[in-house]
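Asker: I need the structure of the sequence given here:
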Amino acid sequence: MEKPLQLGGWQLFAMTAAFVAGTSFILLPVGIISAARQFGWLVQLWSTLFGVIAGAFWLYVSSRYPGLSLVQIAQQALGKYVGGFVSLCYILFFVQMAAWVTRNMSDYMQINLMPRTPISMFNILALLVCAYAVIKGIDTIAMVSVVILPILMIAYWTPFTVMLREWDWRNFNYPGTFEWLPTLAETKYALGFPFMETVVFMMAFPLVRRKLNTAFLGGIAFMGFQLALGIFFTIGLLGVYRGSHLTYPIYIIFREMQFSNFIEHLEAIISVNALLLVFLKLSILFYFAVSAICQLFAIQSRAVVAYPLVWIISAYALFFSNIVENAEWVQNYLFIYYVPFGFGFPLLFLVASWVRNRDRSMKKEAAI
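Answerer: Okay, here's the model as predicted:
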């Protein structure tokens, strides 16, 4: 198992930022632009603020149980059996998110790059690579995040910069009224995906040496702002109509980019580079799922858990029959499904710590 205090602040920042980016830059723009039109970037900023507040809440809960991961907190707060059940729920939650990320990556690759390749092949090959990263340890994933994140940010923003000649401010004058409350209710899934998913980092909080709060909240805020800026640029370049009717607006921007008359179709190279962020998110989720299982069942070897989990996640990734069914589930049910894991159980942990501290205070007063 991992030794304590292995991660630095910059490593946690890079991991958090890569995790928030993940599949968000692929999936979020079309839904948010469709619901909020030219104000979609404001919705993303609101979601980012929500993510920072949620992250601060998880940091506070974790501070009540110093040195303990999410699984260990559940057992200490709720007892061996109830806490063990809650830990199993979180493990299932991690596995489900890993499966959804895997399917999102596979759909993107098949639709845009390799239409004749079976989705199951994408799933298995990606998960095998991530399993190897999991076995190498969280410090390896963290170092890869530190090295790759700046490079991928450059690869992500290069097409937007090149396409600025297509910018049209009239795209922000799309007709229609904007109502805050109905729009926020319609886009509530943007609060859960990706920001409520960062609750998984409660598994890593005990490993951070210094600047835990700054690194974690900074990673959420930084990448949330990048996503909002990406939606803003998507509206300015493609317009509200195209941005809301394309499955992957970001890929269209990549495809329409031209450096010169003799260099074309760089979208495949840039897309594969950008998908490294998805692999980082998948590796982080995979690692936390394996780590949680090892901690709950006192398993010493991550490989014993990681390789069988490849086949479970790969099979679960085929649960949705197509991308439309996946998108409908996200828009209608994802936020509600995430609430117990993001706030319900952590709130129970917090109440349990308050009750325990009150009982200790009463015992001390009685002893005096």
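Asker: residue contacts, residue 32?
Answerer: Taking C-beta atoms under 8 Å, 6 or more residues apart in numbering, we find residue 32 in contact with 40, 43-44, 187, 190, 231. Where C-beta positions appear, they are placed from N, C-alpha and C, glycine not excepted.
Asker: can you tell me which of those is closest to residue 50?
Answerer: Comparing these against residue 50 with C-beta to C-beta places residue 190 closest, at 8.7 Å.
Asker: so the closest one makes contact with residue 28?
Answerer: Yes. Between residue 190 and residue 28 a contact is recorded at 6.3 Å, counting by C-beta atoms under 8 Å.
Asker: what about these two, which has more around it?
Answerer: residue 190 (29 against 26; other C-beta atoms under 10 Å).
Asker: how about the more buried one, nearest residue that isn't a chain neighbour?
Answerer: With C-beta to C-beta, 6 or more residues apart in numbering as the criterion, residue 190 has its nearest non-adjacent residue at 4.4 Å, and that residue is residue 47.
Asker: which element is that neighbour on?
Answerer: helix 40-63 (DSSP states H and E).
Asker: could you export that helix as PDB, CA atoms only?
Answerer: The C-alpha atoms that make up helix 40-63 are tabulated as PDB, following Å, rounded to 0.1, in the frame of the first residue of the first chain:
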ATOM      1  CA  GLY A  40     -23.300  29.000 -21.700                       C
ATOM      2  CA  TRP A  41     -19.900  30.200 -20.600                       C
ATOM      3  CA  LEU A  42     -21.600  32.000 -17.600                       C
ATOM      4  CA  VAL A  43     -23.300  28.700 -16.600                       C
ATOM      5  CA  GLN A  44     -19.900  27.000 -16.700                       C
ATOM      6  CA  LEU A  45     -18.500  29.700 -14.400                       C
ATOM      7  CA  TRP A  46     -21.300  29.200 -12.000                       C
ATOM      8  CA  SER A  47     -20.600  25.500 -12.000                       C
ATOM      9  CA  THR A  48     -17.000  26.200 -11.300                       C
ATOM     10  CA  LEU A  49     -17.900  28.300  -8.300                       C
ATOM     11  CA  PHE A  50     -20.100  25.400  -7.100                       C
ATOM     12  CA  GLY A  51     -17.200  23.000  -7.600                       C
ATOM     13  CA  VAL A  52     -14.900  25.200  -5.500                       C
ATOM     14  CA  ILE A  53     -17.400  25.400  -2.700                       C
ATOM     15  CA  ALA A  54     -18.000  21.600  -2.800                       C
ATOM     16  CA  GLY A  55     -14.300  21.000  -2.700                       C
ATOM     17  CA  ALA A  56     -13.900  23.200   0.300                       C
ATOM     18  CA  PHE A  57     -16.600  21.200   2.000                       C
ATOM     19  CA  TRP A  58     -14.800  17.900   1.300                       C
ATOM     20  CA  LEU A  59     -11.500  19.400   2.600                       C
ATOM     21  CA  TYR A  60     -13.300  20.400   5.800                       C
ATOM     22  CA  VAL A  61     -14.800  16.900   6.300                       C
ATOM     23  CA  SER A  62     -11.400  15.400   5.700                       C
ATOM     24  CA  SER A  63      -9.800  17.700   8.200                       C
END
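Asker: tell me what the helix or strand following that helix is packed against?
Answerer: Sequence-wise, the next helix or strand downstream of helix 40-63 (DSSP H and E) is helix 70-78. Applying 3 or more C-beta pairs under 8 Å, 6 or more residues apart in numbering; DSSP states H and E, one finds that helix 70-78 makes contact with helix 80-112, helix 267-297, helix 345-367.
Asker: and the last one, what does it pack against?
Answerer: Helix 345-367 is packed against helix 40-63, helix 70-78, helix 80-112, with contacts defined by 3+ C-beta pairs under 8 Å, 6+ apart.
Asker: for those, give me TSV that also has distance to residue 214.
Answerer: Shown next, in TSV, are the helices and strands packed on helix 345-367 (distance: least, C-beta to C-beta, whole Å):
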stretch	distance to residue 214
helix 40-63	10
helix 70-78	21
helix 80-112	25
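Asker: and among these, the most buried is which?
Answerer: For the helices and strands packed on helix 345-367, average neighbour numbers computed from mean count of other C-beta atoms under 10 Å are highest in helix 70-78, which has a mean of 23.
Asker: tell me which residues are up against it.
Answerer: Under the criterion C-beta under 8 Å, 6+ apart, residues 61-62, 65, 68, 83-84, 86-87, 90-91, 199-200, 202-203, 292, 295-296, 345, 348-349, 352-353 lie in contact with helix 70-78.
Asker: shaky segments in the stretch 251-368 of the chain?
Answerer: 258-267, 364-368 (pLDDT under 70).
Asker: mind doing that once more with 90?
Answerer: 251-277, 319-332, 356-368 (pLDDT under 90).
Asker: and what of the stretch 1-150 of the chain?
Answerer: Ranges of the stretch 1-150 of the chain meeting pLDDT under 90: 1-6, 25-27, 108-115.
Asker: at 50 instead, please
Answerer: 1-5 (pLDDT under 50).
Asker: neighbours of residue 232, how many?
Answerer: 18.
Asker: wait, it sits on residue 41?
Answerer: Yes. Between residue 232 and residue 41 there is a contact under C-beta under 8 Å: 4.0 Å.
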